[in-house]
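Participant: My questions are about this predicted structure, shown below with the sequence.
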Amino acid sequence: MTDFRPLILTARPDAATLARFETLRRQHFPPALNRVPAHISLFHHLPGSELDAVVARLKLAAREHPRPGVEATGYRSLGRGVALTLRSPGLAALHADLAAAWEPLLIPQDRARYAAHVTVQNKVTPAEARTTLVLLQAGFAPFAFPIVAVDVWRYLDGPWAAVGSVALRPA
């Protein structure tokens with residue numbers, strides 16, 4: 001039976017960096033609303049019926065694209081939250097390649113300019129978000145990390161279920 005629930009794709013950093021992101025999210029995201037793990041979104045909504053084709057295209061991309069390096073450059077306001085801003089020409093190239101291949105499947109949000117980030121806080125008051133932003137900016141130092149895989153998730157009306165992962169080749 002075909003599962004039509006949407007697919008979400010995320011870029012997975014190395015384990016130590018992912019743990020760092022999880023810690024930030026646990027510290028600053030409202031606990032009752034924190035239903036998904038810390039993540040770097042690549043695509044927010046691909047048709048669930050296309051799972052096999054999505055995974056096949058990811059495997060091809062994994063052969064074509066080495067693990068991208070990423071630089072965490074600072075924090076920015078989301079209005080009602082805070083995000084860690086990321087810069088990565090390699091990750092942007094991977095996203096562009098996949099977006100071109102899946103163009104007919106993309107929702108407007110996934111057609112927009114790609115801006116890699118990690119949401120560490122969301123759905124709080126603007127005042128709380130401003131306080132968090134000042135706190136996080138005060139102790140920030142840029143850092144770099146690799147993306148080691150692309151993870152595929154199934155959207156379950158709030159939480160996500162892991163479907164699979166495609167490892168990226170070392171540079």
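Facilitator: Perfect, I can see it now.

Participant: Centre-most residue in this protein?
Facilitator: Ile40 (1.7 Å; CA atoms, centre = their mean).

Participant: ok, what's across the strand from the nearest residue to that one once chain neighbours are set aside?
Facilitator: Nearest-residue entry for Ile40: Ala11, 4.3 Å, with adjacent residues in sequence omitted and distances by CB to CB, 6 or more residues apart in numbering. Where you see a C-beta, it was placed from the backbone N, CA and C, and this is true even at glycine. Beta-bridge partners of Ala11, counted by DSSP bridges, are Ile40, Val150.

Participant: dump the residue contacts of Ala11.
Facilitator: The neighbours of Ala11, taking CB atoms under 8 Å, 6 or more residues apart in numbering as the test, are 39-42, 68, 91, 94, 116, 147, 149-151.

Participant: Check these against Trp102 and report the nearest one.
Facilitator: Within these, the smallest distance to Trp102 is 10.7 Å, found for Leu42 (CB to CB).

Participant: circling back: in this structure the residue nearest to the centre of the chain contacts Thr119, no?
Facilitator: No. Applying CB atoms under 8 Å as the test, Ile40 and Thr119 come out as separate, 9.6 Å apart.

Participant: From Ala129, how far off is the residue nearest to Ile40?
Facilitator: Between Ala11 and Ala129 the computed distance is 24 Å (CB to CB, to the nearest Å).

Participant: And for Thr10?
Facilitator: Distance, Thr10 to Ala129, by CB to CB: 23 Å.

Participant: Arg154 too?
Facilitator: In this view, Arg154 and Ala129 are 30 Å apart by CB to CB.

Participant: Give me the more crowded residue out of these two.
Facilitator: A count of neighbours by other CB atoms under 10 Å puts Ala129 above the other of Arg154 and Ala129, at 20 against 17.

Participant: Now do the SS call for that one.
Facilitator: helix (DSSP: H, G, I helix; E, B strand; the rest coil).

Participant: Could you check the pLDDT of it?
Facilitator: At Ala129, the model reports a pLDDT of 98.

Participant: Could I get the contacting residues of it?
Facilitator: Contacts of Ala129 (CB under 8 Å, 6+ apart): 77-82, 121.

Participant: Between these, identify the one with the most neighbours.
Facilitator: Greatest neighbour count in the contacts of Ala129, by other CB under 10 Å, goes to Val82: 29 neighbours.

Participant: Identify the residues contacting that one.
Facilitator: With contact set as CB under 8 Å, 6+ apart, Val82 has these partners: 28, 75-76, 119-121, 129, 132-133, 136.

Participant: Out of the residues you listed, which is nearest to Glu22?
Facilitator: Minimum distance to Glu22 across the contacts of Val82 is 9.9 Å, recorded for Val120 (CB to CB).
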